[in-house]
Every structure is written in structure tokens, then in C-alpha cells.
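**Q** Sequence first, predicted model second:
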Amino acid sequence: MKLSHLPIRLAAGAFFLNAGVSKLGMPEEQAAGMRQMAAGGVPMLEKVDDKTFAKALPAAEIGIGSALLLPFVPSALAGAALTAFSAGLVTMYLKTPGMTQEDGIRPTEQGTAVAKDIAFLGIGATLVLDGLFGGRRRKSRRAAGN
């Protein structure tokens, strides 16, 4: 892990780890509402039963948070997990009526809590891109004598 990744990995990792831990043992009714809303962004979630979703969602968030916090997990891998999860949340945000203003982008008061996932999508994409292309830049500088 690069030192420059530390701040974003700590911030995003702590957020996701806390989110997952706070959802452990959530009631099926709460899971049903969350699953129904999430299915707007990830349609295959319509086929998942509420009990499974109640276990899978916190496990996914804890897994992503842990991957971001553990320094031996490559940034590109942790970023890919964060990007995939956040992409689903951003899609849900954009497709759920009442989350965005008339322009379809800016959040309403109801959508503000979910709109933050756009930042997580950017963090994940940055980690992936830097993991894929950051090493090449350093190698080419060394080869050029810089």
C-alpha cells in the first residue's frame, strides 16, 4: 500500500466497517426495506430473500471496510470492491424517485445520505487506476533518470 493511499483507505475503510457492524443482526423488516431500495440499483437483489440480505449486506460492508484498512490488501483490489459496491449504490440513488432533484443529479434532502456514495465511487476508482497505472509511471521516470 502506498503511503498516499493511507488517508482515503482509512477514511473509507472506517466508514464501511462501522456501517457493516451497525447492521449486524438487523431485523428482517429493516432488511426488506433496504433490499427493495437496493434492487433499484442492482436488480438481481429482487431475487434475494430478506434473511439472506440481512446477513449479506453487513458482511459485504465489513469485508470492504476490512480490505481498505488492511495494508497487505493491494489498493487496486480494495478499490475494485469499493467501486463495485458504490456503483450499485449510485445507480440506486439515480434511479430511486425522490432521491434527486428535477435535474436527476443533485440530491434532495432524502437523497443526501445516499449521494455521498458518489465520493466512495471516486475513491474506489482512484485506488484501482493508481494500482493499475501508478507503478508504470514510477518505472518510466526511473528509466528516464528522473
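**A** Sure thing, it's come through.

**Q** going forward, measure contacts and count neighbours with C-alpha atoms only.
**A** Fine.

**Q** The nearest residue to A39 once chain neighbours are set aside: how many residues sit nearby?
**A** Leaving aside its chain neighbours, A39 sits nearest to L45 (5.0 Å; criterion: Cα to Cα, 6 or more residues apart in numbering). For L45, the neighbour count with other Cα atoms under 10 Å is 16.

**Q** How is L45 assigned, secondary-structure-wise?
**A** Classification of L45 using DSSP: H, G, I helix; E, B strand; the rest coil returns helix.

**Q** right, and it touches R35 too?
**A** Yes. The criterion here is Cα atoms under 8 Å, and L45 meets it with R35 at 6.7 Å.

**Q** Find the residue ranges of the protein scoring beneath the pLDDT cut-off.
**A** Filtered on pLDDT under 70, the chain yields the residue ranges 135-146.

**Q** Sketch out the helices for it, chain order is fine.
**A** Applying DSSP state H to the chain gives helices spanning 6-23, 28-38, 50-69, 75-95, 112-115, 117-144.

**Q** Mean neighbour count and distance to I105 added to those helices, as TSV?
**A** Shown next, in TSV, are the helices of the chain (neighbours: other Cα atoms under 10 Å; distance: least, Cα to Cα, whole Å):
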stretch	mean neighbour count	distance to I105
helix 6-23	18	23
helix 28-38	17	18
helix 50-69	20	25
helix 75-95	22	7
helix 112-115	16	9
helix 117-144	16	11
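
**Q** Ok, which of those helices comes nearest E102?
**A** helix 75-95 (11.3 Å; Cα to Cα).

**Q** then that closest one to CSV, C-alphas only?
**A** What follows is helix 75-95, C-alpha atoms only, in CSV (Å, rounded to 0.1, in the frame of the first residue of the first chain):
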residue,chain,number,x,y,z
SER,A,75,-5.1,-0.9,-3.2
ALA,A,76,-6.4,-1.9,-6.6
LEU,A,77,-8.2,-4.9,-5.1
ALA,A,78,-9.7,-3.0,-2.2
GLY,A,79,-10.6,-0.2,-4.7
ALA,A,80,-12.3,-2.6,-7.0
ALA,A,81,-14.5,-3.9,-4.2
LEU,A,82,-15.3,-0.3,-3.1
THR,A,83,-16.0,0.7,-6.7
ALA,A,84,-18.4,-2.2,-7.4
PHE,A,85,-20.4,-1.7,-4.2
SER,A,86,-20.5,2.1,-4.6
ALA,A,87,-21.6,1.8,-8.3
GLY,A,88,-24.6,-0.1,-7.2
LEU,A,89,-25.5,2.5,-4.6
VAL,A,90,-25.0,5.3,-7.0
THR,A,91,-27.2,3.6,-9.5
MET,A,92,-29.9,3.1,-6.8
TYR,A,93,-29.5,6.8,-5.9
LEU,A,94,-30.0,7.9,-9.5
LYS,A,95,-33.0,5.6,-10.2
